[in-house]
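Student: sequence? don't have it. structure:
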């Protein structure tokens, strides 16, 4: 492995913002990874899933060889697994990225596999994975650039580019006014329709969400301050610009040309900015077997500045029969999902209904673990999407009802973002508390699990409890 140390005061989120601003072609992918951050840059190979009546995969290499071909979700899964199997196992430390794939899989693409009538958000990628053999990790006084089987000439050029970049100041954050897609009466109509489906026996729980939208040039400038504010364990950022050739920005002395390209393709940037608190899957090795942990979130109360009131809200959540019931439904759904891939008797729930506190809310979190059969971790990941905590139960019917009631397809929101090392270890979030931007239009969603015991006003307020801090930050503090 090639390594080089950079001394800089930049944080992972500010360095990511600098890369996104000055090198939009590097396909930068930042993962906070439960406070063990990694930044992937300039993937050796990348796969972008695009949907227009049918699924197409755009496969691009670092040398700018691009192929676009029709595929299916299953065929793409097999392609990725075959690719991963061609690399020698890299024994990663538990919870750390070492060498593998980074990216996201959107909710829409996964839900579409359950019912082909479920729409996929148009004019933006519905999934992306890149082989990041080049990545940055924080060190005591800066970062270490790591290159796994990377050409020395390319590695040296990246050292030069990053050395220049580290001397720059981070971009100024943009502000924007997000507008709700639903008025309250529209939310009420969707809530009441959900209750009708529950009473009819179609479903036990639906994760009903609503959307806010704003015009915004970029999300990268918001990342540093927002992540500092939220300190989200499973935060992430991804920028894709398929129009911008990598070779251009790697030419020495071509800064002006890079600026021209960046401006010309600004509207083509697709970005995801997530400040997610939720772990979907962590795959880890133990005694030469792959184990899996998932920590579904169901149950929410707002934080309060008054310590006594904050503790009261926390205790209220811990003893809420409605929230415990809601959490248990999703735990059972996840246990059933994992049962398809786990060795018999290994699916266990070591912790139920624990209360974890974050910047803006308290959440009820359970933990489910399992030991996998002889199955590739990518098959488990892709086969278990979308996450049960953001659909409801039963999953297929819940996704169909969500498609009917919500204002538009979710896109990346409620999908997953993370990494998978070639040894089968990896960490993936649930893309909640997440902004996505395409064609200068940014959206953010929030929602909650609707059950027969749900109170309309409480569920409506919960949406604002979850994203209010984010919206206020972008509206006033960016």
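Tutor: Arrived safely, thanks for sending. What you are looking at is a predicted structure, and each value in this text was computed from that prediction instead of being measured.
Student: determine the longest helix present in the chain.
Tutor: In the chain, ranked by residue count with DSSP state H as the criterion, the top helix is helix 321-339.
Student: which other residues reach that one?
Tutor: By CB atoms under 8 Å, 6 or more residues apart in numbering, the list of residues contacting helix 321-339 from outside reads 204-205, 292, 294, 296, 298-300, 317, 347, 349, 352-353, 364, 366, 368, 370, 380, 384, 388-389, 393-395, 449, 451, 453-454. C-beta: built from backbone N, CA, C; applies to glycine.
Student: can you say which of the residues you listed are buried?
Tutor: 204-205, 292, 294, 296, 298-300, 317, 347, 353, 364, 366, 368, 370, 380, 384, 388-389, 393-395, 449, 451, 454 (16 or more other CB atoms under 10 Å).
Student: the longest helix of the chain: how far from the chain's middle?
Tutor: 22 Å (CA atoms, centre = their mean, to the nearest Å).
Student: now it: mean pLDDT?
Tutor: Here the mean pLDDT over helix 321-339 is 93, rounded to a whole number.
Student: buried residues in that helix?
Tutor: When neighbours are counted by 16+ other CB under 10 Å, the buried residues of helix 321-339 are found to be 323-327, 329-331, 333-335, 337-338.
Student: one step back: now, the contacts of helix 321-339 that are in helices?
Tutor: Counting by DSSP H, these contribute 317, 380, 384, 395 to helices.
Student: residue contacts, the second one?
Tutor: When contacts are counted by CB under 8 Å, 6+ apart, residue 380 is found next to 281, 283, 292, 338, 341, 372.
Student: got it, and residue 474?
Tutor: Residue 474 is in contact with 175, 176, 178, 214, 222, 226, counting by CB under 8 Å, 6+ apart.
Student: list buried residues within the residues you listed.
Tutor: For these, burial is judged from neighbour counts taken by 16+ other CB under 10 Å, and it is met by 176, 178, 214, 222, 226.
Student: return the member of the residues you listed nearest to residue 120.
Tutor: Checking those against residue 120 with CB to CB, the nearest one is residue 214 at 22.4 Å.
Student: from residue 163, how far off is the closest one?
Tutor: With the distance defined as CB to CB, to the nearest Å, residue 214 ends up 35 Å from residue 163.
Student: so what's the residue count around residue 83?
Tutor: For residue 83, the tally of surrounding residues (other CB atoms under 10 Å) stands at 17.
Student: now do the buried residues in the host helix or strand of it.
Tutor: Following DSSP states H and E, one finds residue 83 within helix 73-85. Counting neighbours by 16+ other CB under 10 Å, one finds that the buried residues in helix 73-85 are 73, 76, 77, 80, 83, 84.
Student: and the pLDDT at the nearest residue to the last one once chain neighbours are set aside?
Tutor: Beyond its immediate neighbours in the sequence, the residue positioned closest to residue 84 (CB to CB, 6 or more residues apart in numbering) is residue 422, lying 5.3 Å away. Note on residue 422: pLDDT of 95.
Student: go ahead and confirm residue 422 touches residue 99.
Tutor: Yes - counting by CB atoms under 8 Å, residue 99 is a contact partner of residue 422 at 5.8 Å.
Student: in the protein, which spans are helices?
Tutor: Assignment of helices within the chain using DSSP H yields the ranges 12-22, 73-85, 107-114, 152-165, 184-199, 223-230, 246-249, 255-264, 307-318, 321-339, 377-384, 395-405, 456-472.
Student: out of the ones you listed, flag the one nearest residue 130.
Tutor: Nearest to residue 130, of all these, is helix 73-85, at 11.0 Å by CB to CB.
Student: give me the number of residues near the residue nearest to residue 433 when sequence neighbours are not counted?
Tutor: In space, residue 433 comes closest to residue 275 once its chain neighbours are excluded; the distance is 4.7 Å by CB to CB, 6+ apart. If you count neighbours by other CB under 10 Å, residue 275 ends up with 29.
Student: again with residue 409
Tutor: As a burial measure, residue 409 scores 21 neighbours (other CB under 10 Å).
Student: hmm, residue 108 and it touching each other?
Tutor: Yes - A contact is recorded between residue 409 and residue 108 when judged using CB under 8 Å, the distance being 4.9 Å.
Student: pull up the overlap in contacts between the two.
Tutor: Common contacts of residue 409 and residue 108 (CB under 8 Å, 6+ apart): 118, 119, 120, 121.
Student: got a list of what the last one touches?
Tutor: The one in question is residue 121. Listed by CB under 8 Å, 6+ apart, the contact partners of residue 121 are 106, 108, 408, 409, 410, 411.
Student: redo that, cut-off 6 Å
Tutor: In this structure, residue 121 makes contact with 108, 409, 411, judged by CB atoms under 6 Å, 6 or more residues apart in numbering.
Student: on that earlier part again, off-centre distance for the helix holding residue 83?
Tutor: Centre to centre, stretch against its chain (CA atoms, centre = their mean), the figure for helix 73-85 is 20 Å.
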